[in-house]
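# just need the structure, nothing else, for what follows:
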Amino acid sequence: MSRFLTLSPTPDVRDYWIAAVTFVGIAVCFSVDTMVTHRQQVVLGIGGWICLLGLLKGEDTLTRTQVGIAVLFATIGEHFASPYMEGYTYRFGDVSDFVPPGHGMVYLTAVALGRSGFFKQFRSHILVFVLIVGSLWSIWGVTLAQREDEIGALLFFVFVMFVFFGRSPMVYLGAFFITT
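You can find the predicted model right below:
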């Protein structure tokens, strides 16, 4: 009975909570981004930072540091990829304010999913599912898609190498779910 009265969630509940907040946050931001003003987009960004910092409160120093580095590198990448590589453009010509904290939430979710009981219990099933879905998606991208996606197929190959030879395969599998 005392388990139900505790204020701090179990690790699994916390991991699933992180994933739920991130999935909902991404859905909200991408859904309303096309309708909001630049000022309202700043508010979405502030909300993203508040969510990210709140989710990081229960994490250890190593995970908080990893999230910080992920935000830094992803933000630099966004500011490079959008204007210089022209892979995508943002509506107001800049990186949306919710994108940097969103990258942090995505990375934290990958970590949370990777360490969750569900992922640990069904590790081999999740691996097979990701390999089948990702392979089919990559094949479709280079054969049948309206815009060929060779870069996506190459990146999926790199992803598979990290899953099999990287130090944190469960984090990569978690990342597949949050980014796909």
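# so who does the residue nearest in space to the middle of the chain touch?
By C-alpha atoms, centre = their mean, the chain has its centre lying nearest to Val106, at 2.5 Å. Under the criterion of C-beta atoms under 8 Å, 6 or more residues apart in numbering, the neighbours of Val106 are Thr22, Ile26, Ala175, Ile178, Thr179. From N, CA and C alone the C-beta is placed, and that goes for glycine too.
# in PyMOL, how would I select the buried members of those?
Selection command for PyMOL covering only the buried members of those, criterion 16 or more other C-beta atoms under 10 Å:
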select buried, resi 22+26+175+178
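# just flag the most distant two among the contacts of Val106.
Ile26 and Ala175 (13.2 Å; C-beta to C-beta).
# buried sites along stretch 94-103?
So for stretch 94-103, counting by 16+ other C-beta under 10 Å, buried means Val95, Ser96, Asp97, Phe98, Val99, Pro100, Pro101, Gly102, His103.
# could you export it as CSV, CA atoms only?
Provided in CSV are the C-alpha atoms of stretch 94-103 (Å, rounded to 0.1, in the frame of the first residue of the first chain):
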residue,chain,number,x,y,z
ASP,A,94,15.3,31.0,-38.5
VAL,A,95,15.4,27.9,-36.3
SER,A,96,12.2,27.7,-34.4
ASP,A,97,12.7,28.5,-30.7
PHE,A,98,11.2,25.1,-29.6
VAL,A,99,13.7,23.1,-31.7
PRO,A,100,16.8,23.3,-29.4
PRO,A,101,14.9,22.1,-26.2
GLY,A,102,13.0,19.7,-28.4
HIS,A,103,16.3,18.0,-29.4
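# what does that stretch rub up against?
Counting by C-beta under 8 Å, 6+ apart, 25-26, 29, 33, 41-42, 44-49, 51-52, 70-71, 74-75, 78-79, 82, 90 sit against stretch 94-103.
# let's see 7 Å
26, 29, 33, 41-42, 44-45, 48-49, 51-52, 70-71, 74-75, 78-79, 82, 90 (C-beta atoms under 7 Å, 6 or more residues apart in numbering).
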